[in-house]
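A.B. asks: Next comes the sequence, and after it the predicted model I'd like to discuss.
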Amino acid sequence: GAVVSQHPSWVICKSGTSVKIECRSLDFQATTMFWYRQFPKQSLMLMATSNEGSKATYEQGVEKDKFLINHASLTLSTLTVTSAHPEDSSFYICSAYAGQGSYNEQFFGPGTRLTVL
Amino acid sequence: GNSVTQMEGPVTLSEEAFLTINCTYTATGYPSLFWYVQYPGEGLQLLLKATKADDKGSNKGFEATYRKETTSFHLEKGSVQVSDSAVYFCALRSNTGNQFYFGTGTSLTVIP
């Protein structure tokens, strides 16, 4: 149980295009989903926290118009990188949190590697 | 505020050596503490956790004890294997919210 998937696992796009990354909790309902960014050989940087049905809360320094987050259901959150540029190339990881019972912890997706040419 | 300070790597050990990765934290209230492991090209996996002082988390031969007096949660393993090569992250979750705070990660390489 407690599986979180991400799609796609790897994407290459041209500069100026938009990319959508999906995060799904497969066997539980996630009240909260988190989006992280990881640079090579560095730790995870929390980008935003999203609760189902409400607007995401962005961390300081993260452009909310650049990184659009939608949490339309208790099992799906999407991150859209708009007008991507090479500096947006990174490893994006989502996590899902149910906050109750055996799911009272964060479960991480496998990550999406974005390369912007 | 909340923060995690983790031993910098990289760490290289021979197989069957003893492993310690230090982790200390700063937190308001009583956080829960975690160790996550990231294998090459993969996402994070929960390795072990402890939710209150003096709790010991253990899994796959790894252990860590929640020490409130020293605000530490050091990861240990008595005999590492090549398959333990990965990046290890110490993290805390505040008891006032769902947010996690991660250390910078420690890369471990175990050589045969």
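C.D. replies: Perfect, I can see it now. Numbering: from 1, shown residues only, chains lettered A, B, ... in the order given.
A.B. asks: got the contact list for A:W35?
C.D. replies: A:23, A:46-48, A:50, A:67, A:69, A:77, A:79, A:92-94 (C-beta atoms under 8 Å, 6 or more residues apart in numbering or on different chains). (Each C-beta comes from the backbone N, C-alpha and C, glycine too.)
A.B. asks: out of these, who's nearest B:G29?
C.D. replies: A:L46 (18.9 Å; C-beta to C-beta).
A.B. asks: Could you give the number of residues near the closest one?
C.D. replies: 18 (other C-beta atoms under 10 Å in any protein chain shown).
A.B. asks: Phi first, then psi, for A:E87.
C.D. replies: phi -70, psi -10 (degrees, to the nearest 10).
A.B. asks: Next up, the contacts around the spatially closest residue to it that is not a sequence neighbour.
C.D. replies: Setting aside the residues directly before and after it, A:E87 is nearest to A:V116 in space (C-beta to C-beta, 6 or more residues apart in numbering or on different chains), at 7.9 Å. For A:V116, the contact set (C-beta under 8 Å, 6+ apart) comprises A:12-15, A:84-89.
A.B. asks: hmm, try it at 10 Å
C.D. replies: A:11-17, A:19, A:81, A:83-90 (C-beta atoms under 10 Å, 6 or more residues apart in numbering or on different chains).
A.B. asks: Quick check: PyMOL command selecting the buried ones in those residues.
C.D. replies: A single PyMOL command suffices to select whichever of the contacts of A:V116 are buried according to 16 or more other C-beta atoms under 10 Å in any protein chain shown:
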select buried, chain A and resi 11+13+19+81+84+88+89+90
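A.B. asks: Please, where are all the helices along chain B?
C.D. replies: With DSSP state H, there are no helices along chain B.
A.B. asks: what does it have sitting close to chain A?
C.D. replies: Residues of chain B lying near chain A by C-beta under 10 Å from any C-beta of the partner chain: B:4, B:6, B:9-10, B:32, B:34, B:36, B:38, B:41-46, B:49, B:51, B:87, B:89-91, B:93, B:97-105, B:107.
A.B. asks: For A:V3, give its distance to chain B.
C.D. replies: 11 Å (C-beta to the nearest C-beta, to the nearest Å).
A.B. asks: okay but that residue is in contact with A:A30, surely?
C.D. replies: No - using C-beta atoms under 10 Å, A:V3 is not in contact with A:A30; the gap is 11.4 Å.
A.B. asks: Low-confidence regions, the chain specifically.
C.D. replies: Reading this off chain A. A:1, A:100-104 (pLDDT under 70).
A.B. asks: should've been chain B
C.D. replies: B:97.
A.B. asks: Would you map the strands across it?
C.D. replies: Taking DSSP state E, the strands of chain B run over residues B:3-6, B:11-14, B:19-21, B:23-26, B:32-38, B:44-50, B:56-59, B:62-65, B:75-77, B:86-93, B:100-102, B:106-111.
A.B. asks: Alpha carbons of the last one, as PDB, please.
C.D. replies: Read that as strand B:106-111. Extracted as PDB, the C-alpha positions of strand B:106-111 are listed here (Å, rounded to 0.1, in the frame of the first residue of the first chain):
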ATOM      1  CA  THR B 106      24.600  12.300   2.800                       C
ATOM      2  CA  SER B 107      25.900  10.200  -0.100                       C
ATOM      3  CA  LEU B 108      27.100   6.800   1.000                       C
ATOM      4  CA  THR B 109      29.200   4.500  -1.300                       C
ATOM      5  CA  VAL B 110      30.000   1.000  -0.100                       C
ATOM      6  CA  ILE B 111      32.800  -0.700  -1.900                       C
END
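A.B. asks: Run a quick check on A:E63 versus A:E87, I expect a contact.
C.D. replies: No - counting by C-beta under 10 Å, A:E63 does not reach A:E87; the two are 11.8 Å apart.
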